[in-house]
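Peer 1: I'd like to go over a predicted model; first the sequence, then the structure.
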Amino acid sequence: MAWSILFVAGLLEITWAIGLKYTEGFTRLVPSVVTLAAMAGSVILLGLALKSLPVGTAYAVWTGIGAVGTATLGIYLFGEPATAFRLASIALIVAGIIGLKLVT
């Protein structure tokens, strides 16, 4: 169950990271509220997952999910470059997440 909670926390991290772009410096109300709620939810769920997962593993997986999801959505939503090196770097983060899951 802790891994599922951690995964949802990672998804909320992606939500708030992308949401920051839409807040326009927290000048738009709805995107700002959604972003702040996602921030709070992400940290709360991370805290719950830490009840049974090692802190180093959970934090690395949480930030990894956020980094991979945010970078991928940046390419898709904002036309950020999808160079081979960038995609390979994202793949390395995914490999790290999988590796941490396998050894925990």
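Peer 2: That came through fine.
Peer 1: the residue of the chain positioned farthest from its centre and residue 20, how far apart?
Peer 2: With distances taken from the mean C-alpha point of the chain and given as CA atoms, centre = their mean, the most distant residue is residue 27, at 23.2 Å. Distance of residue 27 to residue 20, computed by CB to CB, to the nearest Å: 12 Å. No exception for glycine: its C-beta is placed from N, CA and C like everyone else's.
Peer 1: mind checking pLDDT for residue 82?
Peer 2: Per-residue pLDDT puts residue 82 at 97.
Peer 1: correct me, but it touches residue 75?
Peer 2: Yes: under the criterion of CB atoms under 8 Å, residue 82 lies in contact with residue 75, with a separation of 4.7 Å.
Peer 1: let me see the contact set for residue 35.
Peer 2: 15-16, 19-20, 22-23, 26 (CB atoms under 8 Å, 6 or more residues apart in numbering).
Peer 1: any idea of the pLDDT on it?
Peer 2: The score at residue 35 is 98. That number is its pLDDT.
Peer 1: quick check: nearest residue in space to it, chain neighbours excluded?
Peer 2: Closest residue to residue 35 in three dimensions, ignoring its sequence neighbours and counting by CB to CB, 6 or more residues apart in numbering: residue 19, at 3.4 Å.
Peer 1: three-state assignment of that neighbour?
Peer 2: Classification of residue 19 into helix, strand or coil gives helix, according to DSSP: H, G, I helix; E, B strand; the rest coil.
Peer 1: of the contacts of residue 35, buried ones?
Peer 2: Burial of the contacts of residue 35 was assessed by neighbour count (16 or more other CB atoms under 10 Å); the buried members are 15-16, 19-20, 23.
Peer 1: got the CA coordinates for the strand or helix carrying residue 38 in CSV?
Peer 2: For residue 38, the host element (DSSP states H and E) is helix 29-49. C-alpha atoms of helix 29-49 as CSV (Å, rounded to 0.1, in the frame of the first residue of the first chain):
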residue,chain,number,x,y,z
LEU,A,29,-6.7,32.1,-8.8
VAL,A,30,-7.9,28.6,-10.0
PRO,A,31,-4.5,27.3,-11.1
SER,A,32,-2.9,28.7,-7.9
VAL,A,33,-5.4,26.9,-5.7
VAL,A,34,-5.0,23.6,-7.6
THR,A,35,-1.2,23.9,-7.4
LEU,A,36,-1.2,24.7,-3.7
ALA,A,37,-3.6,21.8,-3.0
ALA,A,38,-1.4,19.4,-5.1
MET,A,39,1.7,20.6,-3.1
ALA,A,40,0.0,19.9,0.2
GLY,A,41,-1.4,16.6,-0.9
SER,A,42,1.9,15.4,-2.4
VAL,A,43,3.8,16.1,0.8
ILE,A,44,1.1,14.6,3.0
LEU,A,45,1.0,11.4,1.0
LEU,A,46,4.8,11.3,1.0
GLY,A,47,4.7,11.5,4.8
LEU,A,48,2.2,8.6,4.9
ALA,A,49,4.4,6.5,2.7
